[in-house]
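*Asks:* Quick one, what's the 3D model for this:
(2 chains)
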Amino acid sequence: DQQVKQNSPSLSVQEGRISILNCDYTNSMFDYFLWYKKYPAEGPTFLISISSIKDKNEDGRFTVFLNKSAKHLSLHIVPSQPGDSAVYFCAASAYGGSQGNLIFGKGTKLSVKP
Amino acid sequence: GAGVSQSPRYKVAKRGQDVALRCDPISGHVSLFWYQQALGQGPEFLTYFQNEAQLDKSGLPSDRFFAERPEGSVSTLKIQRTQQEDSAVYLCASSLPGLAGDTQYFGPGTRLTVL
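*Replies:* Numbers count the residues shown, from 1 in each chain, chains lettered A, B, ... in the order given. Below you'll find the predicted structure:
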């Protein structure tokens, strides 16, 4: 049973517009969430994280929103750039991420068209 | 370099061979994780070390998989008698535990192909 779900395998967006990537989770013990970006033949690169005590975290063009009641988080990229084209993984952890593994979704492939 | 490094980057093994995959974490990072990523899937947890202690190995798929980190820095993931279903990318990550939750930083991975 998947505890972290990214239901959209792919997303195509025009350069300059907003990209919204979604993630749902089932485990109410998760209290720390991260987004990673992955280019082909490279490892995942950390983008942004959010603790369950917050509902929003912003870093430059990237904002993550957390809705705990809906067990849903989203990553907003504004404005989208062609270099943002990659696979984006949502990940979750219990215990504030300090005691073990991350649970990953299957990823969403973002294509930003010039 | 400053990041997590892994070697080899690519490994082709014949079914039944043993393989060893190496991970050099970021200097000073206490925690080290191994993940397995199958094609089209997200990374899946294999095992976790804090310094030299293996605190969680619940994700290791069988007793053919063994990991060690004897001096608390470099780690080796060993797979004995490889099978075709072991073909995947093996990712290593390290982190420095902190009060706000520790972010795991990943290496480039080792792509293992078992023929």
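*Asks:* Could you look up the SS state of B:Leu46?
*Replies:* In three-state terms, and counting by DSSP: H, G, I helix; E, B strand; the rest coil, B:Leu46 is strand.
*Asks:* from what I can see it touches B:Phe65, true?
*Replies:* Yes: counting by C-beta atoms under 8 Å, B:Leu46 touches B:Phe65, with 6.9 Å between them. For every residue, glycine as well, the C-beta is placed using N, CA and C.
*Asks:* contacting residues for residue 38?
*Replies:* Since you didn't name a chain, this refers to chain A. A:Pro44, A:Thr45, A:Ala86, A:Val87, A:Tyr88, A:Phe89, A:Gly107 (C-beta atoms under 8 Å, 6 or more residues apart in numbering or on different chains).
*Asks:* looking at chain B here, not the other one
*Replies:* B:Ala38 makes contacts with B:Glu44, B:Ala88, as judged by C-beta under 8 Å, 6+ apart.
*Asks:* okay but B:Gly72 is in contact with B:His29, surely?
*Replies:* No: under the criterion of C-beta under 8 Å, B:Gly72 makes no contact with B:His29, lying 9.9 Å away.
*Asks:* Roughly how far does the nearest residue to A:Asp55 once chain neighbours are set aside sit from chain B?
*Replies:* Nearest residue to A:Asp55, sequence neighbours excluded (C-beta to C-beta, 6 or more residues apart in numbering or on different chains): A:Leu66, at 5.2 Å. Distance from A:Leu66 to chain B, counting by C-beta to the nearest C-beta, to the nearest Å: 13 Å.
*Asks:* so what strands line up beside the helix or strand hosting A:Leu66?
*Replies:* Per DSSP states H and E, A:Leu66 falls inside strand A:62-67. Next to strand A:62-67 in the sheet, as set by DSSP bridges, lie strand A:56-59 (antiparallel), strand A:72-77 (antiparallel).
*Asks:* Would you mind listing the buried residues in that strand?
*Replies:* If you call a residue buried by 16 or more other C-beta atoms under 10 Å in any protein chain shown, then strand A:62-67 has these buried ones: A:Phe62, A:Thr63, A:Val64, A:Phe65, A:Leu66.
*Asks:* Please name the residues that touch residue 73.
*Replies:* You didn't say which chain, so I picked chain A. A:Leu73 sits next to A:Asn22, A:Cys23, A:Tyr25, A:Phe33, A:Ile50, A:Val64, A:Phe65, A:Leu66, A:Asn67, A:Cys90 when contact means C-beta under 8 Å, 6+ apart.
*Asks:* Chain B, not that one
*Replies:* Remark: with contacts taken as C-beta under 8 Å, 6+ apart, B:Ser73 is in contact with B:Asp24, B:Pro25, B:Ser27.
*Asks:* Can you add pLDDT and give those residues back as TSV?
*Replies:* Shown next, in TSV, are those (pLDDT from 0 to 100):
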residue	pLDDT
B:Asp24	97
B:Pro25	96
B:Ser27	92
